[in-house]
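Trainee: what follows is a predicted structure for the sequence shown.
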Amino acid sequence: MKGLYDALVTAAIAALKNAYCGEDSTRFGAAVLTESGAIYSSGQYFSDTLSLTLHAEQAALAHAAAHGEHTIVAIACVSTEDPRKEKYCHPCGMCKQLIYESYRRSNSTIKVVMANEKGEYETKDINEMVNHPWPY
Ligand SMILES: [Zn+2]
């Protein structure tokens, strides 16, 4: 899987440049690997209301769904938050919930690939990251 995760992280990093946000904003990128082997990526889609902002993970999942791809194998996320480019980007609570629900629907584990801008990463299964899931 390492080669696939490397490709996924590369796609998430590439998505940073198309994030829809202000020039000075932290950029987020995500990429989804589907059962068919396809990769769908996105940056965040910012809203002035803030609460309507689509996170990169949400937008990448929607990008895959728009292509009829509903079974997710892995999702990578990365951000420009750390100026040293070393910290791994973790999905927020809402995105973990959305990824968890995708895992529940497909009944197939989803690997979360948390990356930095250097392309380094660590992985965890989504069910390891959601300790008290809803629905249970
Ligand atoms: Zn999020």
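Mentor: Happy to help now that I have it.

Trainee: what residues are up against E35?
Mentor: Shown in contact with E35 (Cβ atoms under 8 Å, 6 or more residues apart in numbering): E69, T71, I72, V73, S106, S108. For the C-beta atoms, the positions are set from N, CA and C on the backbone; glycine is no exception.

Trainee: same question, T109
Mentor: Listed by Cβ under 8 Å, 6+ apart, the contact set of T109 reads Y103, D125, I126, N127.

Trainee: and which of these is nearest H55?
Mentor: H55 has its nearest neighbour among the contacts of T109 in I126, at 15.2 Å by Cβ to Cβ.

Trainee: give me the neighbour count for the closest one.
Mentor: 24 (other Cβ atoms under 10 Å).

Trainee: how about P91?
Mentor: When neighbours are counted by other Cβ under 10 Å, P91 comes out with 23.

Trainee: in helices only, show me the contacts of T109.
Mentor: Y103, I126, N127 (DSSP state H).

Trainee: ok, the residue nearest to the second one when sequence neighbours are not counted - contacts?
Mentor: To tie it back to what came earlier, the one meant is I126. Excluding its sequence neighbours, the residue lying closest to I126 (Cβ to Cβ, 6 or more residues apart in numbering) is I110, at 4.5 Å. The neighbours of I110, taking Cβ under 8 Å, 6+ apart as the test, are I72, V73, A74, I75, I99, S102, Y103, D125, I126.

Trainee: no further queries at this time; thank you.
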